[in-house]
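Trainee: coordinates only, sequence not included:
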């Protein structure tokens, strides 16, 4: 199953109806995590939807305190129970900190693939060096690297590295926690296309090969608006203007 070009970030979503609404609107990629404490919410929203489970790319992440090998398996089974599914499509190492040890953590993820509990393995918030080590240890190819990526925090070196290894880059916080709405450059480009600054930011990310944004959206209006960014094509000059907004402003540093 290919990674759908737009996902729903669910951090902070506590209402199953928001998940059902997103699926009904057309989303086919749901992203959650153990640390979000809402896997049961995501699972309930998925179960309420008329969309078949097989048509939804479902991803979750193992939190840093659960990365000892025995905890990887136990906590993943607990995640699946909360989600109400037999397996996920993608399971991430959420952050390479605390209990993370590539030599012991990553073989446990390979075991989860062998057991059919996840189809793909991903990593999140890794450096290039940490990614290189993960590729060495894993038998399963790294499917995706999830990183913070928005106009004010860009990591083109990580993007180029993942492209070179045929890995997706999944961009979380693509709207910079709402900061894009007040940006004059994005507003100017948005006015030229009669769209919103959020749609401009998402279209800019989608224009980058191999990048899949996962904006959070709890309301149907924002869900539909974000999906509409797929119909927006920016010029190279407009993309260059947004590239120049990078100021190293990371919202979620380690």
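Mentor: Yep, it's here. Values in this document were obtained by computation on a predicted structure and should not be read as measured data.

Trainee: Is it correct that residue 91 falls within a helix?
Mentor: No - residue state for residue 91 (DSSP: H, G, I helix; E, B strand; the rest coil) corresponds to strand; a helix is not indicated.

Trainee: Show me the beta-bridge partners of it.
Mentor: residue 60, residue 121 (DSSP bridges).

Trainee: Pull the contacting residues for it.
Mentor: 59, 60, 61, 62, 76, 109, 112, 117, 118, 120, 121, 122 (Cβ atoms under 8 Å, 6 or more residues apart in numbering). Heads up, the C-betas are built off the backbone N, CA and C, glycines and all.

Trainee: With residue 202 instead?
Mentor: Applying Cβ under 8 Å, 6+ apart to residue 202 gives the contacts 6, 174, 175, 213, 215, 226, 229, 232.

Trainee: For the first one, give me the pLDDT.
Mentor: Taken from the predicted model, the pLDDT recorded for residue 6 is 95.

Trainee: Residue 27 is in contact with that one, correct?
Mentor: Yes - contact criterion Cβ atoms under 8 Å: residue 6 and residue 27 qualify, at 7.0 Å.

Trainee: anything in contact with each of the two?
Mentor: residue 227.

Trainee: can you count the residues close to the closest residue in space to residue 195 that isn't next to it in sequence?
Mentor: Among residues not flanking residue 195 along the chain, residue 232 sits closest, at 5.8 Å (Cβ to Cβ, 6 or more residues apart in numbering). Neighbour count for residue 232, taken as other Cβ atoms under 10 Å: 19.

Trainee: For the residue nearest to the spatial centre of the chain, give me its contacts.
Mentor: Closest to where the C-alpha atoms of the chain average out (Cα atoms, centre = their mean) is residue 170, at 4.4 Å. Listed by Cβ under 8 Å, 6+ apart, the contact set of residue 170 reads 3, 7, 31, 122, 144, 145, 146, 147, 211, 212, 213, 214.

Trainee: nearest to residue 84, of the residues you listed?
Mentor: residue 31 (16.6 Å; Cβ to Cβ).

Trainee: Can you list the low-confidence ranges for the protein?
Mentor: Across the chain, the ranges flagged by pLDDT under 70 are 1.

Trainee: residue ranges for the strands of it, please.
Mentor: For the chain, the strands defined by DSSP state E occupy 8-9, 29-31, 57-62, 88-93, 118-124, 142-148, 168-172, 211-213.

Trainee: any chance of those in CSV, with distance to residue 239 too?
Mentor: Formatted as CSV, the strands of the chain follow (distance: least, Cβ to Cβ, whole Å):
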stretch, distance to residue 239
strand 8-9, 22
strand 29-31, 23
strand 57-62, 26
strand 88-93, 28
strand 118-124, 25
strand 142-148, 19
strand 168-172, 15
strand 211-213, 12
